[in-house]
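*Asks:* got a sequence here, can you build the structure:
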Amino acid sequence: MTLLKHPATQIGAAALLGIVFGLAVGDWAANLKFVGDLFIRLIQMSIVPLVMASVIVATAGMSGSGTGRLAARTFGWMIGFSCVAAVLGWALSSLIEPGSGMTFDGRLDPALEGSAQAAADTGWQQTLLGFVSTNVFEAMSTATMVPIIVFSLLFGLALRTTITQTGSTLVLDVLSSVQQVVLTMIQIVMRVAPIGVFCLLAALAGDVGFAVVTTSFAYLGTTALGVVLLLVLFVTVVVARTGINPTRLPRKVADQTAIAVTTTSSAVTFPTVLTTAIDKIGVGPRVANFTLSVGLTMGSYGAVLNYVVVVMFLAQAGDVQLGWGDIVLGMALAVLLNMGTITVPGGFPVVATVLATSLGLPLQAVGLLIAVDWFTGILRTFLNVNGDTLVAILVANAEGELDRDVYDDRALVDARDADADVVQGAEVTSRDR
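*Replies:* Take a look at the predicted model:
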């Protein structure tokens, strides 16, 4: 009975029932589409305030204690690996085409089609200019996400400077409260997610038939293959740069991996990740505290990979041809969205709708992605958590703070020597990015 109360179980069951119902009744299921659309709109209305507050809080909350060489190395590896994840997501999606076969024509919002066509008719200079809005309130009213994220990043940096100069965190506290309120709103909306997913997938299955089933497996398979390839690449880079014995890694990260895949939350796993890095791997406390804390917001390699696959999936499902500019924008959005980490149960629909709305992609297929999000959540968190640990090893090695005696089990370290407030600083009430 406890399992039946789990939101992921309810959504999964609703998805299966919706597909079966849609396949059984055929075109009539389209009558349920408005209920699914209402569910999507309830999520969409929270996007702008949530992303703005999250990006500002994440940016302004970065203290200056980790500046300089340590920060440069941390950001360099995390951004570099995130870009690799984005490119790999695009490459695998282009090769496997997980969204193909579920084509439905004539379903795009005419306003979005007009925006997409207008963007296609402009040069790259105008596209870049469009990243900065002359009126942020206008961008907010139309949910134009790139200018909103750019504004939020600049606002967060300015707020960080103001806090440093004045010591006042009033504005940061207010925005943090706004973020939590909006997250609570989404939690409330997600209580009706099974109904919304049932109606979305019933209408979709009635329209495109068994392609709904085959594309869900292709989507999961594409993400899983990307996670495996990225993990192999990350470990290869770590071994090449540090010379450590890779056969010791699985045993050392076993605890954090178990927590990550069962909770699908990087935040919940964070204390275990920190103690593992210090106690079992030998990463110095200074490096572990800074790098792993930053990794909660920036080290989302699995999420970046998955988000790019989502972009390509939606484009293929809606038979939308993306130009190179659209693809690069999708990758950039996938990376930038991690500055506004969506740590809330069912938060993935928010990310999916941001990507779809920003690139003019059909929202109808988002229901299928929501239905299997528990599985992709496992994959995302697995790579996010272990990827952060591998980055910490790389940074510690470069800083001369990797204790090889600890890694080789010749010495012991107590992670309680690390800052206790850092261990307790991660939010533990919500799901992964």
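
*Asks:* how many neighbours does G318 have?
*Replies:* Under the neighbour criterion other Cβ atoms under 10 Å, G318 is assigned a count of 22. For the C-beta atoms, the positions are set from N, CA and C on the backbone; glycine is no exception.

*Asks:* per-residue pLDDT of the closest residue to it other than its chain neighbours, please?
*Replies:* In space, and not counting its chain neighbours, G318 is closest to P362: 3.7 Å by Cβ to Cβ, 6 or more residues apart in numbering. Looking at P362, its pLDDT stands at 70.

*Asks:* verify the stated contact: P362 with V320.
*Replies:* Yes. Contact between P362 and V320 holds when scored by Cβ atoms under 8 Å: they sit 7.2 Å apart.

*Asks:* related to what we said a few turns ago, which element, helix or strand, includes the residue nearest to G318?
*Replies:* If you go by DSSP states H and E, P362 is not part of any helix or strand.

*Asks:* how about N135, phi and psi?
*Replies:* phi -150, psi 100 (degrees, to the nearest 10).

*Asks:* the residue nearest to G318: neighbouring residues, count only.
*Replies:* Neighbour tally, P362, other Cβ under 10 Å: 20.

*Asks:* equivalent analysis for G167, please.
*Replies:* 7.

*Asks:* same deal with the one 3 residues further on?
*Replies:* A count of nearby residues for L170, using other Cβ under 10 Å, gives 9.

*Asks:* same question for L157.
*Replies:* L157 has 14 neighbours, counted by other Cβ under 10 Å.

*Asks:* what does I278 give?
*Replies:* So I278, with other Cβ under 10 Å, has 26 neighbours.

*Asks:* next: V372.
*Replies:* V372 has 17 nearby residues by other Cβ under 10 Å.

*Asks:* how about the contacts made by it?
*Replies:* 12, 15, 216, 219-220 (Cβ atoms under 8 Å, 6 or more residues apart in numbering).

*Asks:* again, only this time at 6 Å
*Replies:* 216, 220 (Cβ atoms under 6 Å, 6 or more residues apart in numbering).

*Asks:* helices along the stretch 301-433 of the chain, start to end?
*Replies:* With DSSP state H, counting those that start in this stretch, the ranges of helices along the stretch 301-433 of the chain come out as 301-317, 324-336, 348-359, 366-371, 373-399, 404-407, 420-423.

*Asks:* can you tell me which of those is most buried?
*Replies:* Most buried of the helices of the stretch 301-433 of the chain by mean neighbour count (mean count of other Cβ atoms under 10 Å) is helix 301-317; its value is a mean of 29.

*Asks:* what about the helices in the stretch 51-200 of the chain?
*Replies:* Here the stretch 51-200 of the chain has its helices, by DSSP H, counting those that start in this stretch, at 69-96, 110-120, 124-129, 136-141, 145-166, 170-189, 193-208.

*Asks:* the fifth one vs helix 170-189, what angle?
*Replies:* So the one you mean is helix 145-166. Orientation of helix 145-166 against helix 170-189 (axes from the mean of the first three to the mean of the last three Cα atoms, to 10 degrees) gives an angle of 140 degrees.

*Asks:* so which elements touch helix 145-166?
*Replies:* Judged by 3 or more Cβ pairs under 6 Å, 6 or more residues apart in numbering; DSSP states H and E, helix 145-166 is in contact with helix 47-60, helix 136-141.

*Asks:* check the last one too.
*Replies:* In this structure, helix 193-208 makes packing contacts with helix 7-25, helix 33-44, helix 366-371, judged by 3+ Cβ pairs under 6 Å, 6+ apart.

*Asks:* next structured bit after it?
*Replies:* By DSSP H and E, the next helix or strand past helix 193-208 is helix 211-242.

*Asks:* just checking, what packs against that following helix?
*Replies:* helix 69-96, helix 301-317, helix 373-399.

*Asks:* let me know the angle separating it from helix 7-25.
*Replies:* 140 degrees.

*Asks:* check which residues of the following helix or strand past helix 211-242 are buried.
*Replies:* Later in the chain than helix 211-242, the nearest helix or strand by DSSP H and E is helix 249-252. Using 16 or more other Cβ atoms under 10 Å as the burial criterion, the residues of helix 249-252 that qualify are 249, 252.

*Asks:* can you check stretch 156-164 too?
*Replies:* 156, 159-160, 163.

*Asks:* what's that stretch in contact with?
*Replies:* Contacts of stretch 156-164 (Cβ under 6 Å, 6+ apart): 56, 59-60, 169, 171.

*Asks:* distance to S293 and pLDDT added to the residues you listed, as CSV?
*Replies:* Shown next, in CSV, are the contacts of stretch 156-164 (distance: Cβ to Cβ, whole Å; pLDDT from 0 to 100):
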residue, distance to S293, pLDDT
I56, 18, 79
T59, 14, 69
A60, 14, 77
T169, 17, 87
V171, 21, 90
